[in-house]
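Peer 1: after the sequence you'll find the predicted model.
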Amino acid sequence: MECGEREGSFENLPDDELSSGADGFALSGHWRIIEIDYRKIVRVLTWKGECAPHEALTEESFVRYFGNAAGGRYYKKWENQFRFDLCRMLAGFEGNDSDGQRFCDMIAEEVRKYEQRRSEKQLDLYGRRE
């Protein structure tokens, strides 16, 4: 992680801990930093736990993002195989980054709608938002 890089590769890096002989092992590979943003995760989990039915992931939203065939197939997985579990559904996209990102984009749209509705709640008696 030199010079502020967020990803890179390495070759012939000695690993003394794995060494069982005089020469040791030479490791090569690729690395990258994966960030987990707490605020984004909290927003998603809050939406998932509190959203109204019209803000949940529907078959229509899957079709809008993935098309008729793939959208219907993914919705059936979401409903039947993964039983509306975000973590399991995300893991189900392993190896298909573009569809996994499309699923995340779909979630972000629903989170935005949920947050907009919450921000437009009725004013209390003093004219403040609840």
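Peer 2: That came through fine.
Peer 1: now the end-to-end length of stretch 48-66.
Peer 2: The first residue of stretch 48-66 is 21 Å away from its last residue (C-alpha to C-alpha, to the nearest Å).
Peer 1: for the host helix or strand of Arg73, which helices and strands make contact with it?
Peer 2: In the assignment (DSSP states H and E), Arg73 maps to helix 68-76. With contacts taken as 3 or more C-beta pairs under 8 Å, 6 or more residues apart in numbering; DSSP states H and E, helix 68-76 sits against helix 59-66, helix 97-119. No exception for glycine: its C-beta is placed from N, CA and C like everyone else's.
Peer 1: dump those helices to TSV, plus distance to Gly72, mean pLDDT and mean neighbour count.
Peer 2: Listed next are the helices and strands packed on helix 68-76 as TSV, based on distance: least, C-beta to C-beta, whole Å; pLDDT from 0 to 100; neighbours: other C-beta atoms under 10 Å:
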stretch	distance to Gly72	mean pLDDT	mean neighbour count
helix 59-66	7	96	16
helix 97-119	14	93	15
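Peer 1: nearest to Glu35, out of those?
Peer 2: Closest to Glu35 of these is helix 97-119 (C-beta to C-beta; 14.0 Å).
Peer 1: list the buried residues in the helix holding Arg73.
Peer 2: Gly71, Tyr74, Tyr75 (16 or more other C-beta atoms under 10 Å).
Peer 1: closest to Ile36 out of the helices and strands packed on helix 68-76?
Peer 2: Ranked by C-beta to C-beta, the member of those that lies closest to Ile36 is helix 97-119, at 13.1 Å.
Peer 1: that closest one vs helix 59-66, what angle?
Peer 2: 130 degrees (axes from the mean of the first three to the mean of the last three C-alpha atoms, to 10 degrees).
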